[in-house]
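Chemist: one predicted model, sequence on top.
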Amino acid sequence: MLRWAAPATFFLGQRLELHCTALGKAIAANLPKAQLSAILTGRALLPHNEKTVTSHRRFLAELDATRERGYAIDDEEDAIGYRCLGAAILDSCRTPIAAISLFGTILEISAENAAALAAQLRRTAERIAASFEGNCHPAETPDAAAEEAVHSAKSELDRLV
């Protein structure tokens, strides 16, 4: 059993990947199918470790489970020894505008307490969403979403090079 995990390092403004983070999954699970398809088309789901979901089919199944549960789980998919729960913040049209998460070691967020922690996280996301009551951010058209996905991918490649 894991007794400790290597320190996790994050910084303000850091970009994390959609497929292996609870934040990304929470948002992706609530996107219109056409927008999600445009984002995923031609996108490789790169592994961060042996637990990372790298198959589009498995990722889509994970998004189905996320919608059913009402929250997303990153179960050591981004970093071994760490678990993260995520909940989308939805506007009045049920469009995801942000997400919040709870991050900890697999001992801190365990199978025994994850559902209770996720319930608190969801309530918090709902309270935040209530502040956007009456605001509706209609989903982008698939063409606009595809353009944004291409722009984001180019920006990410520029950052990596």
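Modeler: Cool, got the structure. It should be emphasised that the depicted structure is a prediction, and the values quoted were computed from it without experimental measurement.
Chemist: for residue 121, give its distance to residue 135.
Modeler: 22 Å (C-beta to C-beta, to the nearest Å). The C-beta positions use only the backbone N, C-alpha and C, and glycine is treated the same way.
Chemist: more neighbours: which of those two?
Modeler: Just comparing residue 121 and residue 135: by other C-beta atoms under 10 Å the higher neighbour count belongs to residue 121, 23 against 12.
Chemist: pLDDT on the helix or strand harbouring that one, on average?
Modeler: In this assignment (DSSP states H and E), residue 121 forms part of helix 114-130. Here helix 114-130 scores 95 as its mean pLDDT.
Chemist: with stretch 91-107 instead?
Modeler: Averaging pLDDT along stretch 91-107 yields 93.
Chemist: give me the buried positions along that stretch.
Modeler: Neighbour-count burial for stretch 91-107, counted by 16 or more other C-beta atoms under 10 Å, picks out 91, 95-106.
Chemist: show me the strands in the protein, by range?
Modeler: Applying DSSP state E to the chain gives strands spanning 72-75, 82-90, 96-105.
Chemist: list just the one of those that sits closest to residue 130.
Modeler: Taking C-beta to C-beta, strand 82-90 is the member of these nearest to residue 130, at 9.8 Å.
Chemist: neighbours around residue 29, how many?
Modeler: 24.
Chemist: and residue 129, how many neighbours?
Modeler: Neighbours of residue 129 (other C-beta under 10 Å): 20.
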